Structure formats: C-alpha cells, structure tokens
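take this sequence and fold it.
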Amino acid sequence: MLRQAHRLRTSDDIRTTTRRGRRAGSRTVLAYVRLGARRPDDSVRVAFVVGKQVGDAVTRNTVKRRLRGLMADRLVTIPGGTDIVLRALPSSARRSSVELGADVDQVLARLITSPATPGSA
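Predicted structure coming up:
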C-alpha cells in the first residue's frame, strides 16, 4: 500500500502530469512522468488510472491493487519530487504480476534514465 505522501490525488496534479510529463508505453501500461515536478527532497507521488475498458469493477480494482504493490517496491529507485501517472491498458487484466512488473520497469526505465527530448517536461 502506498502511504498518503506517495499519492497523487488532485485532478489538477494528474492533468498537469499527463499533459506536461514525458510519456512511454508498453503492452499493459502507459506512464506519464514529470521529473522534478517539485523539490528533490519531496516524496514521489503516483496516481493510477484504470478505466472501464480494463474490465468490470472487480478486475479494475485487482489491477489497481497490483499496480500499487508494484510501485511501492519501486519508489526508492525514483528521484524525489517526481510525479507519475500509470494508466492501465485493457491487456493488463490478462497479464501476470511478473509480466505487469516487467512492463512497469520498462516504461519507468525509459522515462527516468533517458535524457529529455526537446519540448518534453
């Protein structure tokens, strides 16, 4: 479970991250990341978007719970002050936690370790 300090909660913050953040996708997730959105000593904040295309309410909540667990383990590897929005794609409901974790690692690695392109962030 993510502590309150690690939750990106307001619609304005989520909208800003999706519009101004860098984006990368995989077969199961689409991630938006704003590095340095706040001070470097602030905590990493994460929001999850799991739409009705993913499945019924039980399936959506299961996917969201799995993503929260995966991100809780990865928070220490992400620079402080970063805001992240993870959008689950419909295929995320059919993937195992290991496959979902690999996809999350893949998109985060692309967004956090690669240099920013002009016009991003």
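
what about stretch 9-24, distance to the chain center?
10 Å (Cα atoms, centre = their mean, to the nearest Å).

likewise stretch 106-115?
On Cα atoms, centre = their mean, the centre of stretch 106-115 falls 12 Å from the chain's centre.

beta partners for the residue nearest to the spatial centre of the chain?
Closest residue to the average C-alpha location of the chain: Leu86 at 2.9 Å, with Cα atoms, centre = their mean. Counting by DSSP bridges, Leu86 forms beta bridges with Ala31, Phe48.

tell me who's in contact with it.
The contact partners of Leu86, taken as Cβ atoms under 8 Å, 6 or more residues apart in numbering, are 29-31, 46-49, 67, 71, 104. Every residue, glycine included, has its C-beta placed from N, CA and C.

burial measure for Ser92, as a count.
28 (other Cβ atoms under 10 Å).

touching, it and Gly101? I think so.
No: applying Cβ atoms under 8 Å, one finds Ser92 not in contact with Gly101, separated by 11.3 Å.
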